[in-house]
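Q: Sharing a model prediction with you, sequence too.
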Amino acid sequence: MERVTAADYHDIATPADPRLSPDGDRVAFLRQEPIDGETTESTVYLVDAAGDEGDDAGDTAEDPRRLTLAEGADAEPRWSPSGDRIAFTATRGADDDRQQLWVLPLAAGEARRVTDVVGGVSEIAWSPDGERIAFVQSVTADDREADRDLAVPEEYEPEDHPDPRVIDRTVYRSGQRYFDGRRSHVYVADADAAVDGATGGDPAAGIERVTDGDADFGAPEWGGAETLYFTEAVGDDPDDSVEIAIRAHDFGTDETETVHETTGWGAALAATGDGRIAFTHAEAERVSMRQTDLRVLDRESGDVTELTADLDRGVGRAIAPQWGPDDATLYFATPDEGKTAVWHVPGDGNDDPERLCRPGTVAGGTVGGEAGAGPEEVTVAFAASEWDHPGDVFVYDAGGDERTRLTELNADYLAERAVGEPEEVRFESDGTEIQGWVLTPPEFDPEGEYPLAVEIHGGPHAMWSTAGTMWHEFQTLAARGYVVFWSNPRGSTGYGEAFMQAIERDWGAVTLADVMAGVEAVADRPYVDEANAFVTGGSFGGFMTAWTVGQTDYFRAAVSQRGVYDLTGFYGSTDAAYKLVEGDFDAVPSEEPAWLWEQSPTGHADAVDTPTLLVHAEDDTRTPICTAELYHRLLRKNGVDTRFVRYPREGHELSRSGEPAHVVDRIERIARWFDGYSEHHDAPRALDRPDEEGLSAADDEGGEGGEEPNDEG
């Protein structure tokens with residue numbers, strides 16, 4: 001069996017956004033796979049929800065069928081209510097990355113483009129009668145005035161960016177891009193329209209602008225064929241507020257009214273035809289420390305019912321809240337001790353939520369079934385990854401309590417790779433039980449001795465498992481001879497609100513205590529060489545990596561990725577994530593500058609002796625590179641072995657959805673940095689090697705660079 005390598009990333013396909021057909025017979029999903037160093041192919045596939053009935057029930061798979069061309073990047077496959085069409089967004093035929101709306105008839109024919117709009121298309125939603133599709137795009141006031149948000153003139157060429165760039169907003173960039181005067185607005189397209197002239201030759205004739213003005217709208221959700229709900233960010237300064245208005249637009253009267261206001265990190269909506277709206281809510285005060293709950297507004301009575309207030313798990317985003325086929329039951333997902341749990345609760349709040357299934361690490365899903373089906377009869381389609389595979393599509397049949405695997409996207413790859421099964425570990429830190437995992441190298445010898453690689457997750461309010469986006473990185477480090485340890489220290493989600501709030505005003509010390517308690521428990525094992533321990537993490541994990549080397553010399557080397565190094569600099573340069581400082585620390589730099597410096601890794605940089613590699617994305621608007629630049633300079637001034645690796649064209653999602661060559665390079669550089677300080681690897685320091693040596697980018701055959709671990713691991 002071959003060992004997993006960083007370059008294997010090019011060979012791994014993952015599913016996303018599975019959607020169950022209205023009749024429950026089929027599942028549409030996205031299949032994503034790198035095709036070269038810069039591009040990931042994303043296309044819509046279709047698979048039978050029954051699986052391959054010729055195999056053993058409960059563990060079956062069949063070959064899915066590709067529905068869309070491998071041109072551009074597809075996203076958001078959505079079934080029409082009748083199940084005869086699938087709408088999706090794609091960059092097909094575009095000279096830029098603007099997604100447009102397409103509709104594919106399943107019986108026969110090619111997909112047709114419905115929009116040609118300047119702001120791109122996202123958040124698409126079919127009307128219940130199948131005649132219209134709502135969507136969101138981000139446009140400027142000039143775009144709206146010139147109707148470029150309805151149809152782009154053939155001669156129009158957008159400017160790259162304003163020169164000079166004038167900022168009049170508290171939050172003015174996010175997701176690798178500046179807003180540059182753009183606001184997100186809600187639109188409706190005629191589902192039968194086509195850019196090539198199905199609307200009488202005028203592409204704008206099939207598009208209707210629903211919202212306007214200097215505000216941001218989103219989350220369109222139909223409550224009936226003539227009623228569209230959506231959200232608007234409100235408050236004295238909406239950028240600095242977590243207040244959200246829920247609006248309802250009546251197409252019969254062309255009037256919009258506010259039906260409710262909520263608070264939180266954005267709001268997800270789910271509506272019924274009789275005026276009941278489910279929405280997410282989090283308390284506004286120090287919102288980053290609050291779990292998200294689910295509530296229902298009855299428009300007729302005006303009553304709001306809290307559905308999950310007594311559930312000690314926050315509503316997550318793995319599966320969006322949605323009404324079931326009976327229009328009486330709501331389904332939602334939460335993080336739950338290293339897995340995703342799917343729950344159901346009656347919309348009237350008469351019973352407590354009950355867990356339907358706990359399918360693993362989930363990346364999207366939908367609930368369906370015959371009309372009127374309740375929790376005992378529904379089907380859940382979901383994409384999940386587990387320790388033995390990086391991702392496939394499954395369905396869960398509540399009636400038979402059976403899970404069926406519909407795809408084996410990486411069967412050929414996995415048949416040739418040595419993939420290890422992580423061991424769950426539980427340990428105590430300051431009287432609190434912490435969950436973690438240990439992954440040993442292939443051909444593991446319990447009598448041998450191995451170096452230790454410790455991974456710390458981001459967030460800080462996030463949760464790791466045995467799979468998900470870290471599957472490949474963990475398996476690669478183990479294949480290179482490291483025992484890999486990761487955990488969910490206090491501050492993580494999935495263990496209750498008190499657990500999440502335990503890092504209040506103290507990201508560093510509390511998290512470090514938990515991580516080191518796990519490290520000590522693992523290092524007590526005879527096969528772990530405690531003198532050869534290494535640490536890495538990204539985002540908040542980057543913060544914690546830098547914090548750790550400023551507090552202890554335990555680790556021989558460290559790699560800090562996309563981190564926050566100075567909380568004051570982060571507060572001033574990040575997007576809306578500055579609310580983490582206000583919420584988690586209950587502080588702002590103008591009031592407690594010295595204290596925030598002490599809570600920052602830069603405040604302890606003079607204590608660092610550990611060789612530390614810094615990895616960052618140049619277009620990161622979540623953890624902007626400026627604080628990494630400061631931290632790197634301090635390490636250089638203090639004579640620490642360090643290097644600063646910057647990835648152009650990348651944002652905060654570098655490790656998850658960056659350019660494939662960058663994803664591979666990042667993992668290889670982590671391993672190469674560790675190898676150079678490991679007594680178990682015959683490799684010089686990365687600082688003593690030519691920059692490209694040992695990296696697959698320098699390998700003409702595209703293979704994995706670097707050295708194999710020696711016989712001792």
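A: Okay, I see it. Numbers count the residues shown, from 1 in each chain.

Q: Run a quick neighbour tally on residue 638.
A: Residue 638: 13 surrounding residues under other CB atoms under 10 Å. Heads up, the C-betas are built off the backbone N, CA and C, glycines and all.

Q: residues touching it, list them.
A: For residue 638, the contact set (CB atoms under 8 Å, 6 or more residues apart in numbering) comprises 605, 606, 608.

Q: Out of those, the closest to residue 207 would be?
A: Nearest to residue 207 among the contacts of residue 638, counting by CB to CB, is residue 605 at 53.5 Å.

Q: how close does residue 571 get to residue 596?
A: 8 Å (CB to CB, to the nearest Å).

Q: Find residues that contact each of those two.
A: The contact sets of residue 571 and residue 596 overlap at 581, 589 (CB under 8 Å, 6+ apart).

Q: Can you pull out the low-pLDDT segments for the stretch 201-350 of the chain?
A: 201-204 (pLDDT under 70).

Q: And the strands in it, which stretches?
A: Ranges of strands in the stretch 201-350 of the chain, per DSSP state E, counting those that start in this stretch, are 207-209, 217-224, 227-234, 243-250, 255-263, 269-271, 276-281, 293-298, 304-306, 322-323, 329-336, 339-346.

Q: how many neighbours does residue 192 have?
A: 15.

Q: Over to residue 507?
A: Neighbour count of residue 507, defined by other CB under 10 Å: 24.

Q: pretty sure it contacts residue 460?
A: Yes: assessed by CB atoms under 8 Å, residue 507 is found in contact with residue 460 at 6.1 Å.

Q: Touching both of the two, which residues are there?
A: Shared contacts of residue 507 and residue 460, defined by CB under 8 Å, 6+ apart, comprise 491, 540, 584.

Q: which one among the residues you listed gets closest to residue 156?
A: Residue 156 lies nearest to residue 540 out of these, by CB to CB, at 41.6 Å.

Q: contacting residues around that closest one?
A: Taking CB under 8 Å, 6+ apart, one finds 456, 457, 458, 459, 460, 462, 507, 563, 564 in contact with residue 540.

Q: By residue count, which strand of the chain is the longest?
A: Longest strand in the chain, counting residues (DSSP state E): strand 354-368.

Q: so where is the stretch 601-713 of the chain shaky, pLDDT-wise?
A: For the stretch 601-713 of the chain (pLDDT under 70), the answer is 698-713.

Q: Where do the strands of it begin and end?
A: Counting by DSSP E, counting those that start in this stretch, the strands of the stretch 601-713 of the chain are 612-617, 642-647.

Q: Any chance you could list what contacts stretch 220-231?
A: Residues external to stretch 220-231 that are found in contact with it (CB under 8 Å, 6+ apart): 123, 125-129, 131, 134-136, 186, 188, 210-211, 217-219, 244-252, 259, 266-267, 269-273, 275, 277.

Q: For that stretch, buried residues please.
A: Within stretch 220-231, the residues that count as buried by 16 or more other CB atoms under 10 Å are 220, 221, 222, 223, 224, 225, 227, 228, 229, 230, 231.

Q: any idea how far residue 477 lies from residue 489?
A: 19 Å.

Q: Identify each buried residue in the longest strand of the chain, please.
A: 356-368.

Q: Which of those sits closest to residue 157?
A: Proximity to residue 157 was ranked across those by CB to CB; first place goes to residue 364, at 35.8 Å.

Q: Might you report the residue contacts of that closest one?
A: 16, 17, 18, 318, 319, 382, 383.

Q: Can you convert those residues into JSON lines and add a column each for neighbour count, distance to residue 51 and secondary structure?
A: As requested, the contacts of residue 364 are exported to JSON lines (neighbours: other CB atoms under 10 Å; distance: CB to CB, whole Å; DSSP: H, G, I helix; E, B strand; the rest coil):
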{"residue": "16", "neighbour count": "17", "distance to residue 51": "19", "secondary structure": "strand"}
{"residue": "17", "neighbour count": "21", "distance to residue 51": "19", "secondary structure": "strand"}
{"residue": "18", "neighbour count": "30", "distance to residue 51": "14", "secondary structure": "strand"}
{"residue": "318", "neighbour count": "23", "distance to residue 51": "22", "secondary structure": "coil"}
{"residue": "319", "neighbour count": "27", "distance to residue 51": "20", "secondary structure": "coil"}
{"residue": "382", "neighbour count": "29", "distance to residue 51": "14", "secondary structure": "strand"}
{"residue": "383", "neighbour count": "28", "distance to residue 51": "15", "secondary structure": "strand"}
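
Q: Nearest to residue 590 among the residues you listed?
A: residue 318 (37.4 Å).

Q: re the thing from before, could you identify which of the strands of the stretch 601-713 of the chain is most buried?
A: strand 612-617 (a mean of 26; mean count of other CB atoms under 10 Å).

Q: How far away from the center of its chain is that strand?
A: In this view, strand 612-617 has its centroid 21 Å away from the chain centroid, taken as CA atoms, centre = their mean, to the nearest Å.

Q: list the helices and strands it packs on?
A: Where contact means 3 or more CB pairs under 8 Å, 6 or more residues apart in numbering; DSSP states H and E, strand 612-617 is packed against helix 540-549, strand 557-561, helix 626-637, strand 642-647, helix 660-677.

Q: so which of those comes closest to residue 388?
A: helix 660-677 (19.8 Å).

Q: Direction-wise, compare the closest one with strand 612-617 and give the angle.
A: 180 degrees (axes from the mean of the first three to the mean of the last three CA atoms, to 10 degrees).

Q: returning to that earlier point: out of the contacts of residue 638, who's nearest residue 420?
A: Proximity of the contacts of residue 638 to residue 420 (CB to CB) peaks at residue 608, which lies at 32.2 Å.

Q: count of residues packed around the nearest residue to residue 158 once chain neighbours are set aside?
A: Nearest residue to residue 158, sequence neighbours excluded (CB to CB, 6 or more residues apart in numbering): residue 118, at 6.9 Å. Applying other CB under 10 Å, we find 23 residues neighbouring residue 118.

Q: cool, residue 525 as well?
A: 15.

Q: in what helix or strand does it lie?
A: According to DSSP states H and E, residue 525 maps onto no helix or strand at all.
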